[in-house]
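Novice: The sequence and its predicted three-dimensional model are supplied below.
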Amino acid sequence: KYGRFGRAPMSPKKKWGIFAAVVVGLILLAIVIAVPLVAVHDRQHSDGATVPGTGPHGEVLTSGGNGTEIRMENGTTFTYINNFGGEWRSDLNDDGARAQNYTPPLNQSWDYTKNGILGVNLGGWLVIEPFIAPSLFEPYENDSSKYVVDEYTLMNEWNTEGGQALKEKNLRQHYDTFITEYDFMLIAAAGLNWIRLPIAYWAINTMPGEPFVQGMSWEYFLKAIKWARKYGLRIELDLHAIPGSQNGYNHGGRLGVFNFLNSPVGMVSAERALDIIRVIAEFVAQPEIAKVVPVFGVLNEPNVPVGIGQDNIRRFYIEAYSLIRNITGLGQGHGPMMAYHDGFLGLPAWSGFMQGGDRIAWDLHPYVCFTAPFGDRQNFINTACNGWAANTQLGFTQYGVTLAGEWSLATNDCGLFLNGPFQGVRYDGSFSSGAFTKTGSCVPFDDWTSYNDTTKQTMYQGAIAAMSSFENFFFWTWKIGDSLRTGQPVNPNWSYLLGLQQGWMPKDPYRESQNACQTLQKQGLSGITKASVTWSSTFADYQTGAASTYSPNTVSYSWPPPSITVSGQSGNVIAATALPTYTPTGTVLIPPTPTYSLTLTNEVQPTIDPWTQGGRQTPAFTPIAGCTYFDSIWNNYTSALPGWPCGGSGGASRRNLQP
């Protein structure tokens with residue numbers, strides 16, 4: 001009915017009449033709104049009532065279509081613009097909103113064989129990254145002694161400057177203004193229907209001594225659910241950072257620290273990560289949440305080639321699968337689809353893994369910008385049509401639902417803080433780690449104000465070629481913040497919003513990306529040799545949750561792993577019995593739930609709980625009394641800690657050992 005790209009006709013556009021309704025209130029959360037594109041009015045009612053929407057005669061609306069007025073929680077109003085037949089609903093118990101008329105409303109199941117995911121990431125919002133929110137890091141870029149390069153060091157610096165109060169103030173200012181309800185409306189208005197939302201473990205829990213602000217980002221995850229429900233958008237929730245980091249990147253928590261299954265604290269990192277996965281799975285599996293969050297990415301970009309190893313990541317993936325499916329049950333309607341990142345190994349490395357498992361999707365991040373030699377924008381188009389389309393074909397036919405969870409238009413690593421503050425750039429030869437010969441200047445790529453029509457056209461062609469080749473995609477990322485240098489957005493190859501405003505992203509991605517490679521080939525673009533995905537549009541029943549039984553091979557990979565190899569030290573293998581571990585006897589981790597103020601007549605109270613099934617509340621992992629632990633999971637360690645295995649007695653202690 002709704003149609004994957006080019007496979008089925010689009011249903012006719014509906015034109016909704018405006019009608020009055022008075023059945024629901026909104027979650028009352030104060031939001032500071034920054035609205036970049038259309039006229040916005042500040043019309044706070046004297047009685048302070050929250051008004052979901054307003055009709056032409058001043059009547060209160062809880063649903064509507066193109067041209068209706070939306071009133072946000074701070075009293076600011078804007079006009080809902082959606083030229084694709086989208087419909088909004090503000091009733092918290094109403095899942096009838098739809099992002100576009102070619103996208104199923106939330107109260108209908110997503111059909112992965114017929115519906116294409118047109119998505120963007122909300123990067124840099126709830127997990128801060130320097131190149132996405134550069135103004136947070138620019139005040140420190142000339143002081144290498146402070147070395148503020150990631151959320152860990154930023155929180156430490158703010159703590160030094162003003163303590164916990166300043167951390168919370170600055171974070172809330174960022175959360176309130178970087179992404180707002182208006183962005184969710186704009187995303188649907190841009191023809192997109194999904195959001196990939198990165199979140200970190202500190203949204204739920206931290207341990208003493210960790211600088212991250214616990215719990216605040218969870219509040220904004222709840223707002224994201226509400227806004228997505230309102231505008232008919234679906235969310236893939238992605239666990240982007242876990243205790244100790246799974247990759248050593250700045251978006252993993254702390255740059256250069258890589259402990260998950262990769263160091264003497266690798267097991268306690270994994271145990272705490274499983275706690276976070278359990279809490280998220282319990283929460284999103286609730287009927288009130290499940291329609292908005294149908295996919296859960298259990299671990300973003302585990303750096304398998306550098307550390308971890310494929311054997312141990314397989315063990316962890318199976319343990320996470322067993323944990324989640326024991327909570328949710330099996331089959332469609334029982335918890336989210338699980339998305340596994342390929343660990344930078346490529347799909348063929350996972351042949352046969354978890355075959356027969358319930359609803360496992362594969363998440364690929366096809367970037368071309370971090371490895372020399374660097375191609376030009378024409379090479380990008382050829383790579384999309386010739387390479388990525390074939391990879392999609394392979395994924396769909398042999399592995400099931402396959403997602404391009406991150407991609408951008410970047411052909412090199414130019415950009416402010418793209419590699420991080422103090423790191424430099426490979427393309428211009430300034431990269432701090434390793435010798436890279438200068439390829440050229442970054443100015444033509446970074447200065448979007450000087451892009452000519454030819455540049456924008458080639459970028460546009462690359463965008464639609466990639467979209468057509470991926471079929472299910474999430475562009476990284478929706479927006480890039482302003483730089484203190486210019487007062488304007490930077491890193492143009494990474495900003496979907498800027499591309500819309502400036503003309504190199506499609507205004508109608510659904511239509512404009514259909515058969516894009518074939519169209520470009522017919523237009524005479526050289527180098528395109530494979531121009532389509534010829535998948536049969538059929539997944540196996542177990543891949544979509546329609547099977548009667550599920551039988552993945554989980555026996556070959558027991559948990560915990562027998563040993564861990566320290567990254568970069570092939571001879572440094574530590575037996576699991578010599579690794580510090582926790583015990584699952586701690587306090588149950590319970591995330592905050594939304595609160596409601598029922599201000600309208602006859603409104604219905606949603607029944608949202610932290611747990612899918614109250615009887616499955618499992619105690620969290622906690623240190624074993626009487627055993628010695630490393631002082632922090634956020635330092636690097638290479639040598640085993642004496643005293644393990646440890647049976648425990650008395651009070652637990654931490655040894656302040658140097659990395």
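Specialist: Structure's in. What do you need? Residues are numbered from 1 along each chain as shown.
Novice: mind checking the SS state of G434?
Specialist: When classified by DSSP: H, G, I helix; E, B strand; the rest coil, G434 comes out as coil.
Novice: Near it, how many other residues are there?
Specialist: By other CB atoms under 10 Å, the residues close to G434 number 6. C-beta: built from backbone N, CA, C; applies to glycine.
Novice: Equivalent analysis for A578, please.
Specialist: By other CB under 10 Å, the residues close to A578 number 16.
Novice: and what of E141?
Specialist: Neighbours of E141 using other CB under 10 Å come to 17.
Novice: Leaving out sequence neighbours, find the closest residue to K438.
Specialist: In this structure, K438 finds its nearest non-sequential neighbour in G429, 3.2 Å apart by CB to CB, 6 or more residues apart in numbering.
Novice: Can you tell me the SS state at F296?
Specialist: Three-state assignment for F296 (three-state DSSP): strand.
Novice: beta partners of it?
Specialist: On the basis of DSSP bridges, F296 is bridged to L237, M338.
Novice: shaky segments in this structure?
Specialist: 1-59, 531-533, 568, 570, 594-616, 648-659 (pLDDT under 70).
Novice: try it again with 80
Specialist: Where the chain drops to pLDDT under 80, the residues are 1-60, 74, 434-435, 530-534, 567-571, 592-617, 647-659.
Novice: Surely I564 forms part of a helix?
Specialist: No - with three-state DSSP as the criterion, I564 is strand rather than part of a helix.
Novice: nearest spatial neighbour of it, skipping sequence neighbours?
Specialist: Sequence neighbours aside, G266 is the residue nearest to I564 in space, at 4.6 Å (criterion: CB to CB, 6+ apart).
Novice: check contacts around the one you found.
Specialist: Contact analysis of G266 by CB atoms under 8 Å, 6 or more residues apart in numbering lists G244, N259, F260, I564, L579.
Novice: Could you check how far it is from S322?
Specialist: Look at G266 and S322: by CB to CB, to the nearest Å, they are 20 Å apart.
Novice: With P562 instead?
Specialist: Separation of P562 from S322 (CB to CB) stands at 18 Å.
Novice: helices or strands next to the helix ranked longest in the chain in the packing?
Specialist: Counting residues, the longest helix found in the chain (DSSP state H) is helix 151-178. Secondary structure elements in contact with helix 151-178, counted by 3 or more CB pairs under 8 Å, 6 or more residues apart in numbering; DSSP states H and E, are helix 216-231.
Novice: starting at the chain centroid, how far to the helix it packs on?
Specialist: 13 Å (CA atoms, centre = their mean, to the nearest Å).
Novice: now stretch 462-481
Specialist: 14 Å.
Novice: What of stretch 81-100?
Specialist: Per CA atoms, centre = their mean, the centroid offset for stretch 81-100 relative to its chain is 22 Å.
Novice: Now it - C-alpha only, CSV.
Specialist: C-alpha atoms of stretch 81-100 as CSV (Å, rounded to 0.1, in the frame of the first residue of the first chain):
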residue,chain,number,x,y,z
ILE,A,81,3.8,22.4,7.1
ASN,A,82,3.7,19.0,5.5
ASN,A,83,3.2,18.8,1.7
PHE,A,84,3.3,15.0,1.8
GLY,A,85,-0.1,14.4,3.4
GLY,A,86,1.3,14.1,6.9
GLU,A,87,-1.0,14.2,9.9
TRP,A,88,-0.1,15.1,13.5
ARG,A,89,-1.8,13.8,16.7
SER,A,90,-1.2,15.2,20.2
ASP,A,91,-3.3,12.7,22.1
LEU,A,92,-0.8,10.7,24.1
ASN,A,93,-3.0,7.6,23.6
ASP,A,94,-3.5,8.2,19.9
ASP,A,95,-1.0,6.4,17.5
GLY,A,96,-2.8,7.6,14.4
ALA,A,97,-0.2,10.2,13.3
ARG,A,98,1.6,9.6,10.1
ALA,A,99,4.7,11.4,8.8
GLN,A,100,3.6,11.3,5.1
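Novice: Spatially, what comes nearest to P264 if we skip its sequence neighbours?
Specialist: The shortest distance from P264 to any non-neighbouring residue, by CB to CB, 6+ apart, is to Y637 (4.7 Å).
Novice: Surely that neighbour is in contact with V265?
Specialist: Yes - Y637 is within contact range of V265, at 6.0 Å (criterion: CB atoms under 8 Å).
Novice: Have a look at the two and say which one is more surrounded.
Specialist: Using other CB under 10 Å as the criterion, Y637 and V265 rank with V265 on top: 25 against 21.
Novice: give the contact list for that one.
Specialist: G244, N259, L579, P580, F630, I633, Y637.
Novice: I70 in helix, strand or coil?
Specialist: Secondary structure of I70, per three-state DSSP, is strand.
Novice: Could you measure from it over to Q286?
Specialist: According to CB to CB, I70 stands 26 Å off from Q286.
Novice: Between Y637 and V265, which contacts overlap?
Specialist: Residues touching both Y637 and V265 (CB under 8 Å, 6+ apart) are N259, F630.
Novice: excluding its backbone neighbours, what's nearest P562?
Specialist: For P562, the closest residue by CB to CB, 6+ apart turns out to be A576, at 5.5 Å.
Novice: And the one you found, how close does it get to G352?
Specialist: For A576, the distance to G352 - CB to CB - is 25 Å.
Novice: Show me which of the two is the more surrounded one.
Specialist: Neighbour count, other CB under 10 Å: between A576 and G352, A576 has more, with 15 against 9.
Novice: give me every residue that touches Y557.
Specialist: By CB under 8 Å, 6+ apart, Y557 lies in contact with D311, R314, R315, I318.
Novice: Pull out the buried residues from the strand or helix carrying the first one.
Specialist: Same thing as D311. Using DSSP states H and E, D311 falls within helix 310-328. Residues of helix 310-328 classed as buried: 312-321, 323-325, 327-328 (neighbour count, 16 or more other CB atoms under 10 Å).
Novice: Repeat that for stretch 175-192.
Specialist: So stretch 175-192, judged by 16+ other CB under 10 Å, has buried residues 175-176, 178-192.
Novice: in what helix or strand does Y629 lie?
Specialist: Assigned by DSSP H and E, Y629 belongs to strand 628-630.
Novice: Check which strands are paired with that strand and give the direction for each one.
Specialist: By DSSP bridges, strand 628-630 pairs with strand 653-655 (parallel).
Novice: hmm, back to that, quick one, phi/psi of the residue nearest to P264?
Specialist: When read as degrees, to the nearest 10, the backbone of Y637 gives phi -140, psi 150.
Novice: For F630, see how far away it is.
Specialist: Distance, Y637 to F630, by CB to CB: 6 Å.
Novice: Same question for A465.
Specialist: From A465 to F630 the distance is 48 Å (CB to CB).
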